[in-house]
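Chemist: Fold the following, please.
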Amino acid sequence: MRVNKKSRIYAAILIIGDEILSGRTQDTNTCFLAKWLNERGIQVKEVRVIPDILKTIVETLNVLRKKYSYVLTTGGIGPTHDDITALAISKAFKVKYEYNKEAYQILEKHYGQKNFNDPRKKMAKMPKGAKLIYNPSSAAPGFYMKNVFTLPGVPAILKSMMYNLEQLLVGGQTMHSVTVTCSKPESKIAKDFEFLQKKFKDLILGSYPFFKDGKVGVALVIRGYSLKRINSCKLLLEKIVKKIQTA
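Modeler: Residues are numbered from 1 along each chain as shown. Down below sits the predicted model:
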C-alpha cells in the first residue's frame, strides 16, 4: 500500500441490502472496514445503509463518489435476482453491464463447466472496464471502477479480500487516538470537556458513558493528526479528571 503522509484521505462506506435494514442480518462490516481504513490513513467520514433498489443505489453512489476519495460498497454481488449492485454501478458510471472475461474464467474454473450455471455466471457480470479485486476464499471476485470498490457482504469473505484491496489504495495521514477514563458521570465533566474542544479546535473530542461493576463512568476520547497536540490536550484533560474525581 502506498502512503502519502501529507494528504488527508476520506472515504464513505455504502452497505447495500434489505436484509440489513430488516434486522435479519447483523452488519459487522461497517465496524471492521472503518477500523481497517482508519488504521491505513483513510478516514471514514460517512456510512450509509440502503435497500436493494436500483435507483437508490445509483443516486447514493453518485453522491458519495463525487464527495470522497474512496467509496467502499458491500453486498449485492451474489447470484440471486436481488443482487443488483454491479448493475447499479454500471448505470452510475453510464457504462455497459456485461460479463468480465477474467471473472468469467475464474468462476468457470472454480465451479467446473458442468456446475457453472446461469446464477453463478451472473457473478461475472460487471460494469465494462471494471478491474478485479481477487477473492481467495470463494473465488467470486469483487471489482472497482475509478474510486468505487465493490466487496461482498459476507464478512468472512470480505475479510479474506483485504490484502488484495490494500494493494489498490493510497493511504494518507494517520488519525491518532487516546482515551482518558473518568469514574464520574458524563455531566460532571461536560463543561470542562466543551472548553477543551474550543481550545483544541483541530482535534476531535468525544465522550462515551459506560456502566461497569455497578459504577457509572465516561471514556473521554481525543482524536487528531498531531500527536503533539493530542498529548497537550491529554495532559490538561487528565488534570481536569483528577480534580473532578477527588472533589
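
Chemist: And the average pLDDT for stretch 53-67 is what?
Modeler: Confidence over stretch 53-67 (mean pLDDT, whole number) is 98.

Chemist: Show me what counts as buried in that stretch.
Modeler: Along stretch 53-67, these residues count as buried under the neighbour rule (16 or more other Cβ atoms under 10 Å): I57, V58, T60, L61, V63, L64, R65. For every residue, glycine as well, the C-beta is placed using N, CA and C.

Chemist: which residues touch E186?
Modeler: E186 makes contact with S207, P209, V218, according to Cβ atoms under 8 Å, 6 or more residues apart in numbering.

Chemist: Looking at these, state which has the most neighbours.
Modeler: V218 (22 neighbours; other Cβ atoms under 10 Å).

Chemist: Now do the residue lying closest to that one once chain neighbours are set aside against K243, distance only.
Modeler: Take V218 and drop its neighbours on the chain: the residue closest to it by Cβ to Cβ, 6 or more residues apart in numbering is E186, 4.4 Å away. From E186 across to K243, the span is 16 Å (Cβ to Cβ, to the nearest Å).

Chemist: what's the answer for G214, then?
Modeler: Distance of G214 to K243, computed by Cβ to Cβ: 24 Å.

Chemist: Among the contacts of E186, which ones are in strands?
Modeler: S207, P209, V218 (DSSP state E).

Chemist: now the helices for the chain?
Modeler: Listed in chain order, the helices of the chain (DSSP state H) span 18-21, 29-39, 54-67, 85-93, 101-111, 118-122, 155-160, 162-166, 186-199, 227-246.

Chemist: Of the ones you listed, which is nearest M175?
Modeler: The closest approach between M175 and any of the helices of the chain, judged by Cβ to Cβ, belongs to helix 29-39 at 5.7 Å.

Chemist: so what does the closest one touch, helix or strand wise?
Modeler: Using 3 or more Cβ pairs under 8 Å, 6 or more residues apart in numbering; DSSP states H and E as the contact criterion, the elements in contact with helix 29-39 are strand 9-16, strand 42-50, strand 70-74, helix 155-160.

Chemist: Show me the contact partners of that helix.
Modeler: With Cβ under 8 Å, 6+ apart as the test, helix 29-39 has contacts from 11, 13, 15, 43-44, 47, 70, 72, 74, 151, 153, 155, 158-159, 162, 174-175.

Chemist: In ChimeraX, select just the buried ones from those residues.
Modeler: Only the buried members of the contacts of helix 29-39 end up in this ChimeraX selection, burial being decided by 16+ other Cβ under 10 Å:
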select :11,13,15,43,44,47,70,72,74,151,153,155,158,159,174,175
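
Chemist: quick revisit: looking at G214 and K243 now, which is surrounded by more residues?
Modeler: Legend: neighbour count by other Cβ under 10 Å for G214 and K243, higher for K243 (11 against 5).

Chemist: For G206, see how far away that one is.
Modeler: Relative to G206, and taking Cβ to Cβ, K243 is found at 21 Å.

Chemist: now swap in F195 and tell me
Modeler: As for F195, its distance to G206 is 15 Å (criterion: Cβ to Cβ).

Chemist: go on, P119?
Modeler: 45 Å.

Chemist: quick one: contacts for S177?
Modeler: Contact partners of S177, counting by Cβ under 8 Å, 6+ apart, are V221, I222, R223.

Chemist: pretty sure the second one is touching L237, no?
Modeler: Meaning I222. Yes - under the criterion of Cβ atoms under 8 Å, I222 makes contact with L237 at 7.0 Å.

Chemist: Quickly list the domain ranges of the protein.
Modeler: 2-171, 176-246 (automatic domain parsing).

Chemist: Looking at the ones you listed, which one is packed in the most?
Modeler: With neighbours defined as mean count of other Cβ atoms under 10 Å, the domains of the chain peak in mean count at domain 2-171, which reaches a mean of 17.

Chemist: hey, which helix or strand in this structure has the poorest pLDDT?
Modeler: Using mean pLDDT, DSSP states H and E, strand 2-3 stands out as the lowest-scoring helix or strand of the chain, at a mean of 82.
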